[in-house]
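Engineer: no sequence on this one, just coordinates:
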Ligand code: SF4
């Protein structure tokens, strides 16, 4: 069977259900790179520029980890998944960066995903898949039905997220009720987490941030639990429309969290070298000052961040919140 | 209204000509200096790019001189520049500084909006006067590029480069003060004549192409006078970006036809970079290939630290360098780049390309 490799990085966290269902339904085998580990990160660091952001480094490591086992590597050139907003220059150049820096790659499927000025988040993937499908089959009906299956799987995934399931669980095929029970409701503090999924949900990169918070008695609310509309509504309040989809998600989540009276604090996880974040986090931090009862902690991670230091900061932050509650 | 705008190389001359002729009261911030940097850095996000920080410094210094309105350009991404103005505005507001910001978004987004904003600035001036002022400013832009191109060409060749530099400074100043087109053209002619008569060395200098992000290429303060350093080391520098070309593309919507060596190089970006990546990323790759094809001895890329499009461009360099056997060097610039480090890296690079070039000749 033809094997398609997918690096477990960047947009894997947004679109894996979509991609997997599409390729499976075409009759292809999908091979995912393993969970991030030291070797993967080291490989990524070795093959990228030191100026590249941490997530791109991680992506390179994953591409290398899966490259040898597959016939094709799926690295779509994701430009816009909604009209008039980009992902990030680095996403747009990803396939070119891989080609220029790695030898012996399998065939790259680098089809463009671009909603352009008028398209939308579904049609851009339909267009992409039509093109990708034609690489493997002449059977148009099969491609169409695979696209349908893919969109359905993605819809299911979104629904699970909106129901409050954490992303890593929503990515697996776990029953909703089961997971809801596993989320302990008795934790004492509730914190809003802001950050890109490829940082938040990669336990190696985030150094188990969510688990650490659980053990400190903190439950989390994530951007993924908000609907696209909730995010869009709030980010529309900006003086000028943001032209980064992910940046909008960050600002939109922050603004939603500011209004959520049940939250005790916010943590904003960013990774070193992220371009859009440099401006977006500045705006978030400046607005945070307007709600001084909701403390915000910025956590920036890079390849040298130590686990112990992070734990200390989390402990101090939660202690501070608890003290404030007593007063 | 006392209007100001941030510095970018010699752009101030062009904008001053334009605004003054539109009847506006211009307050030019002092030339960017260490103090500008300190002010800017203090009030900017740590990881914002260098140009953002220098802009902030310019605003604050202009404020001290009485400016109350800022003219700034916008953009539609994905490069961060398009969102500078909004964040800068928020920062000024939080500092309690009352300055109005007029942001000119690219006309393809909303032509009407641009028109309204210009109308707001110029009051009831006629459009004919606007066109006249624009043409005058344009004439200055072309003049600046012409004298600067000559400077770049002659600096490694003349025996007295510092004297040439002085002529150039004088010419710039005269262009700035000239109040009609004929006077501007006169300055250019006399500079060309004077400089071409200067005694020259007989050796042929090494040739280096300069690519990268526009601000760091055009602003000598941001690139630690890189062109001058190269010239004094005896290297002929060819720029891929010119002020007038930039104005034409970004402010005039590509209305005019401009000729310079790299005009068509953008299409050479494929197969190395097959997509637009914002900013000047694609041009950087295309022009690098162009210089390589025209047999330059090396190419230098300039970018603000953390500049996304340039990081993407830089990432594909290994493939170009391998295919064309040409040495490439990248400088990421910010307030911490040390002068000494830059000079050392430049000298090492020149030694390298000199060796390469001798080698090539040996083979031939
Ligand atoms: S959005 Fe930020 S973290 Fe993601 S690829 Fe771009 S620069 Fe890197």
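Structural biologist: It's in. For clarity, every value in this text was computed on a predicted model and none was experimentally measured.
Engineer: Spatially nearest residue to the closest residue to the ligand within the stretch 201-327 of chain A, not counting backbone neighbours?
Structural biologist: Nearest residue of the stretch 201-327 of chain A to the ligand: residue A:274, at 3.1 Å (C-beta to the nearest ligand atom). No exception for glycine: its C-beta is placed from N, CA and C like everyone else's. Excluding the flanking residues, the one nearest residue A:274 by C-beta to C-beta, 6 or more residues apart in numbering or on different chains is residue A:53, at 4.9 Å.
Engineer: pLDDT at that neighbour, what is it?
Structural biologist: On pLDDT, residue A:53 comes in at 96.
Engineer: hmm, back to that, how near is the residue of the stretch 201-327 of chain A closest to the ligand to residue B:122?
Structural biologist: The gap separating residue A:274 from residue B:122 is 40 Å, by C-beta to C-beta, to the nearest Å.
Engineer: More neighbours: which of these two?
Structural biologist: With neighbours defined as other C-beta atoms under 10 Å in any protein chain shown, residue A:274 and residue B:122 compare such that residue A:274 has more, 24 against 17.
Engineer: List phi and psi for that one.
Structural biologist: Dihedral pair for residue A:274: phi -80, psi 120, per degrees, to the nearest 10.
Engineer: Please name the residues that touch it.
Structural biologist: A:53, A:54, A:55, A:196 (C-beta atoms under 8 Å, 6 or more residues apart in numbering or on different chains).
Engineer: what's the pLDDT at residue 301?
Structural biologist: Defaulting to chain A. Listed pLDDT for residue A:301 reads 92.
Engineer: Correction: the question concerned chain B.
Structural biologist: 98.
Engineer: how long is stretch A:192-204 end to end?
Structural biologist: End-to-end distance of stretch A:192-204 (C-alpha to C-alpha, to the nearest Å): 20 Å.
Engineer: in it, what's buried?
Structural biologist: Across stretch A:192-204, burial judged by 16 or more other C-beta atoms under 10 Å in any protein chain shown covers A:192, A:193, A:194, A:195, A:196, A:197, A:198, A:199, A:200, A:201, A:202.
Engineer: ok, and the closest non-adjacent residue to the fifth one?
Structural biologist: This means residue A:196. Using C-beta to C-beta, 6+ apart and skipping the chain neighbours, the partner closest in space to residue A:196 is residue A:246 (6.0 Å).
Engineer: Which helix or strand contains the one you found?
Structural biologist: Under the criterion of DSSP states H and E, residue A:246 resides in helix A:245-259.
Engineer: any bit of that helix sitting next to the ligand?
Structural biologist: Yes: applying C-beta under 6 Å from any ligand atom, one finds helix A:245-259 touching the ligand at residue A:246.
Engineer: Show me what the mean pLDDT comes to for the helix or strand just after that helix.
Structural biologist: For helix A:245-259, the following helix or strand on the C-terminal side (DSSP H and E) is strand A:265-271. Across strand A:265-271, the average pLDDT comes to 95.
Engineer: What pairs with strand A:265-271, parallel or antiparallel?
Structural biologist: If you go by DSSP bridges, strand A:265-271 pairs up with strand A:189-194 (parallel), strand A:296-301 (parallel).
Engineer: roughly how far is the first one from the heart of the chain?
Structural biologist: In terms of C-alpha atoms, centre = their mean, to the nearest Å, the gap separating the centre of strand A:189-194 from the centre of its chain is 17 Å.
Engineer: And what about residue B:102, helix, strand or coil?
Structural biologist: Classification of residue B:102 using DSSP: H, G, I helix; E, B strand; the rest coil returns strand.
Engineer: Next up, the contacts around it.
Structural biologist: With C-beta under 8 Å, 6+ apart, residue B:102 has these contacts: B:69, B:70, B:71, B:72, B:117, B:120, B:121.
Engineer: Out of the residues you listed, who's the most crowded?
Structural biologist: residue B:70 (24 neighbours).
Engineer: Show me which residues of the longest helix belonging to chain B are buried.
Structural biologist: Identified as the longest helix of chain B according to DSSP state H is helix B:127-154. Neighbour counts over helix B:127-154 (16+ other C-beta under 10 Å) mark B:130, B:133-134, B:136-148, B:150-154 as buried.
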